[in-house]
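Peer 1: Show me the folded form of this:
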Amino acid sequence: MRVGIEVGGTFTDLVAIDRGRVTVAKVPSTPARPDEGALSSLAAADIRLDAIEDLVHGSTVATNAILERKGAKVAFFVTAGFRDLLLLQRHDRKRIYDLFYQKPEPVVGRGDTFEIRERIGADGGIITPLDIEAAKQVVGSALAGGAYDAVAICFLNSYANPDHEERIAGLIRERHPDVFVTYSAEVTREFREYERATTTALSAYVQPVIDSYISRLEAELGSRGFKRNFSIMQSNGGRLPTDGVRRSAITCLYSGPAAGVMGAVRQAGISGFDDIITLDMGGTSTDVCLVRGGKPDLSTETEINGLPVRTPVIDIATIGAGGGSIIWVDDGGMLRVGPESTGADPGPACYGRGGTLPAVTDAHLLRGTLKAEAFVGGRMSLDHGKSRSALTPLAERFGRSLEEMADAALRVADANIVRAIQLVSTERGCDPRDYVLVPFGGAGPLHAARVAEELEIGTVVVPPNAGVLSAFGLLAADFLRYDSYTRHLIVEGDVADEVREIFAAMKGRAVEAFAELGLTDALAFTFTLEMRFVGQAFEIPVTLDETALKDLGVETLLELFVAAHHQMFAFGDAGRQRVEIVSFRLGVSAPPGPVPTLAEGHGMELFTTEGEIFDRGERTGCIVMSRSACEPESEIAGPALVADETSTIYVPGGWTGGPDEHDNLVIRRIG
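Peer 2: Numbers count the residues shown, from 1 in each chain. Next up is the predicted model:
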């Protein structure tokens, strides 16, 4: 048996696959104690833990630790003269017209930052040797009394030569074995001092939290009989055994959204859809991602709470539009949806848990596109009366009926999602009309068709059990690790030989690191160069396979770069401008075994009936049916609502479709 458990902001999802038999569970999350949600999902699915061969987990523990500022107490060691590195940050302003704008507050204060006398040049040469005796005094004074749980080390230009960082890390581990130690060359061996420093500090900040969470969960699972493989999902779309995650906790910031993308890639891919846009709409937020040729785009940097994180992540755009997103009116009298959410507790008003604010789920219930008897497979009741009470003040303010108000709010939510998809498609040089929309999450399939209409996308593919696809994505993900290295090279002469030499060294380190985690079979590698025209302040990723790397030459490098630059900016001429390589990134992956499929079973009894909905200002009749009632090769003509155990799919008028041989529901716009 293989089990994936994904803890979201509102629900905790589970998918278990045992010899092709699929079991799913969806239970409310416990935000203050996410491990309780994970254990509750196992109980709800009635799974014997001693039968589990492979358990994969994704959670928001690291994210919440940073957002809520509940991480470890960190001592930060820097090169002498750079004590204010985390405070100075960059000179840009995120909100240029905000008179009260303040830079984001780092997780390590100035009083917790300590200077070490040493200096390494940008070429890796030692300018000021490390004074180890003086360093012992600084370290001893800083860590005396046990005031710190973790240590972060980031020396100037250590990406070019990590010797000084490694020596200080060894010194601290020897003298203070109970303190977690993180140094920048171990986390991100790339240039740009501030980004590297804050990534290292954040990694140290969450490392004890992640270690404690994993240890606590492992102990509880072990006491209940689980003894086999346990791995954690990362933001880059791959997983790692728990030992690997403990060493690099910062890679797990956005494990849930990444897992959803990988689940969509797998499930849509088996039906032949490789160019897709994923739409993951859960209880708190909506995440969208563009996938080309079956591979999601990677970004080398993300942000959390305004702080940059320099580590590869799946390029996902997130907005505050989920089932729990609050419907409200701004100071200018405009109707808004999100980003604030009712969360799991108390949740939307219709949950009946004390919530009084109107949310997206309340709007769907009042509009008729969500049926109370089919919500979460009928296992959770919804209260129409509480939804009406929550939305009535807004309806009275705008002089609308409750149905009209609910419809207007959902159209605002759709517009927010459309804008998010444009960020990852149109603004990256990709036409969304060339892609298929793949919705999932509890609310994604409800909004997908209308969002597709706005973007002129003609096909929507809804995976089976779409509400728990992120949990399935955990099982579909490979073991994956990235290594990066900054080295400036002008693309000329024998640069191709240097590229091969650098990647060969990185490959050797990656194989060794995977071997330490017990991963040695069927390793695959990706090679990416961060390139730019000389003088540019940003880079373009150029990815190579092993064959291309072997036959690489200067002309090929220039052609690949110009093509990538044109894709994004529609200009660039390598014949008139010099091109340089800035950084190298190597990915190593190993398959977890045969990839499962979600194509069997929905968990709901077969039913077909009639109902009414209010959409786009009109009331109309619709078919209401269980997904298990959708026969292979049958046709569903909208308007229709198709419910399964974890989500509801809305097929508007003008759309038609049905399940394919892999149980994906493929709906297409007519005309």
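
Peer 1: and stretch 439-451, average pLDDT?
Peer 2: Averaged across stretch 439-451, pLDDT comes to 94.

Peer 1: my bad, stretch 135-145
Peer 2: Stretch 135-145 shows a mean pLDDT of 94.

Peer 1: what does it contact?
Peer 2: With contacts defined as CB atoms under 8 Å, 6 or more residues apart in numbering, stretch 135-145 is touched by 75, 77, 114-118, 148, 151, 168, 171-172, 175-176, 179. Just so you know, the C-beta spots here come from the backbone N, C-alpha and C atoms, and that holds for glycine as well.

Peer 1: do you know how far Tyr395 is from His364?
Peer 2: For the record, residue 395 is Ala, not Tyr. Taking CB to CB, to the nearest Å as the measure, Ala395 falls 15 Å from His364.

Peer 1: same check, this time on Arg576
Peer 2: 55 Å.

Peer 1: More neighbours: which of these two?
Peer 2: Taking other CB atoms under 10 Å, Arg576 and His364 do not tie; His364 has more neighbours (28 against 7).

Peer 1: Please name the residues that touch that one.
Peer 2: 323, 370, 406, 410, 443, 446.

Peer 1: Can you say which of the residues you listed are buried?
Peer 2: The neighbour count (16 or more other CB atoms under 10 Å) marks 323, 370, 406, 410, 443, 446 as buried among these.

Peer 1: going on from the helix or strand where the third one lies, what's the next piece of helix or strand?
Peer 2: Going back to what we said before, that points to Ala406. Assessed by DSSP states H and E, Ala406 sits inside helix 402-424. Using DSSP H and E, the next helix or strand after helix 402-424 towards the C-terminus is strand 436-440.

Peer 1: Does anything pack onto that next one? Which helices or strands?
Peer 2: Counting contacts by 3 or more CB pairs under 8 Å, 6 or more residues apart in numbering; DSSP states H and E, strand 436-440 packs against helix 255-269, strand 276-281, helix 444-455, strand 459-462.

Peer 1: nearest to Leu55, of the ones you listed?
Peer 2: Between Leu55 and the helices and strands packed on strand 436-440, the shortest separation by CB to CB is 13.6 Å, and it involves helix 255-269.

Peer 1: average pLDDT across the closest one?
Peer 2: For helix 255-269, the mean pLDDT works out to 92.

Peer 1: Report the inter-axis angle for it versus helix 444-455.
Peer 2: Helix 255-269 and helix 444-455 meet at an angle of 70 degrees, taking axes from the mean of the first three to the mean of the last three CA atoms, to 10 degrees as the criterion.

Peer 1: send the alpha carbons of helix 255-269 over as CSV?
Peer 2: Extracted in CSV, the C-alpha atoms of helix 255-269 (Å, rounded to 0.1, in the frame of the first residue of the first chain):
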residue,chain,number,x,y,z
SER,A,255,4.9,21.2,-0.8
GLY,A,256,1.1,21.2,-1.1
PRO,A,257,0.8,23.3,-4.3
ALA,A,258,3.8,21.5,-5.9
ALA,A,259,2.2,18.1,-5.2
GLY,A,260,-1.0,19.2,-6.9
VAL,A,261,0.9,20.2,-10.0
MET,A,262,2.7,16.8,-10.1
GLY,A,263,-0.6,14.9,-9.7
ALA,A,264,-2.2,16.9,-12.5
VAL,A,265,0.8,16.3,-14.8
ARG,A,266,0.6,12.6,-14.2
GLN,A,267,-3.1,12.2,-14.5
ALA,A,268,-3.6,14.4,-17.5
GLY,A,269,-0.5,13.0,-19.1
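
Peer 1: Which pLDDT value does the model give His602?
Peer 2: 50.
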